[in-house]
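Undergrad: please work out how this folds:
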Amino acid sequence: QVQVVESGGGLVQPGGSLRLSCAASGSIFTINTMGWYRQTPGKQRDMVATITSGGGSNYADSVKGRFTISRDNAKNTVYLQMNSLKPEDTAVYYCNAVVLPTYLPKARGYWGQGTQVTVSS
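TA: This next block holds a predicted model:
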């Protein structure tokens, strides 16, 4: 089994910062891309930022210059540093890891349970 667990959400004032963490564990052979997505009620889940195992990153236009994604391959962990937060960043943030498990012939994506981020005064 593979587990993906997020942490670090919470309530923050506009202009503030939060750091999200996501760790993958279990029967992992390798992890390819890891990423953060977010979803608000009634809307689709949108990509926020992704990062490859080699460190190549991609961001949604709405967060460029404010959010930074990074990862620690030794710890199977990805981070999202969120600065200059805005009320429109309020959402449930989900982590996704594309994992090749030890027990499957090909990689697949695994989702975490989500962590709430609320930006409000």
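
Undergrad: excluding sequence neighbours, find me the nearest residue to the residue nearest the centre of the chain.
TA: What sits nearest the mean C-alpha location of the chain, by Cα atoms, centre = their mean, is residue 36, with 2.6 Å. Excluding its sequence neighbours, the residue lying closest to residue 36 (Cβ to Cβ, 6 or more residues apart in numbering) is residue 48, at 4.4 Å. All C-beta atoms are positioned from the backbone trio N, CA, C, and that covers glycine.

Undergrad: show me the contacts for the residue nearest to residue 57 when sequence neighbours are not counted.
TA: Once flanking residues are discounted, residue 57 sits nearest to residue 51: 4.6 Å by Cβ to Cβ, 6+ apart. With contacts defined as Cβ atoms under 8 Å, 6 or more residues apart in numbering, residue 51 is in contact with 33-35, 57-58, 69-71, 78.

Undergrad: which intervals of the chain have sub-threshold pLDDT?
TA: Along the chain, the model assigns pLDDT under 70 to no residue.

Undergrad: if we go to 90?
TA: Within the chain, the ranges that satisfy pLDDT under 90 run 103-104.

Undergrad: so where do the strands sit in it?
TA: 2-7, 10-12, 18-26, 28-39, 46-51, 57-59, 67-72, 77-82, 91-101, 108-111, 115-119 (DSSP state E).

Undergrad: my read: residue 70 touches residue 78, true?
TA: Yes. Residue 70 is within contact range of residue 78, at 7.3 Å (criterion: Cβ atoms under 8 Å).

Undergrad: who has more neighbours, those two?
TA: residue 78 (28 against 15; other Cβ atoms under 10 Å).

Undergrad: that one contacts residue 98, correct?
TA: No. The pair residue 78 / residue 98 is not scored as a contact, 11.3 Å apart, by Cβ under 8 Å.

Undergrad: list residues touching both of those two?
TA: With Cβ under 8 Å, 6+ apart, residue 78 and residue 98 have common neighbours residue 34.
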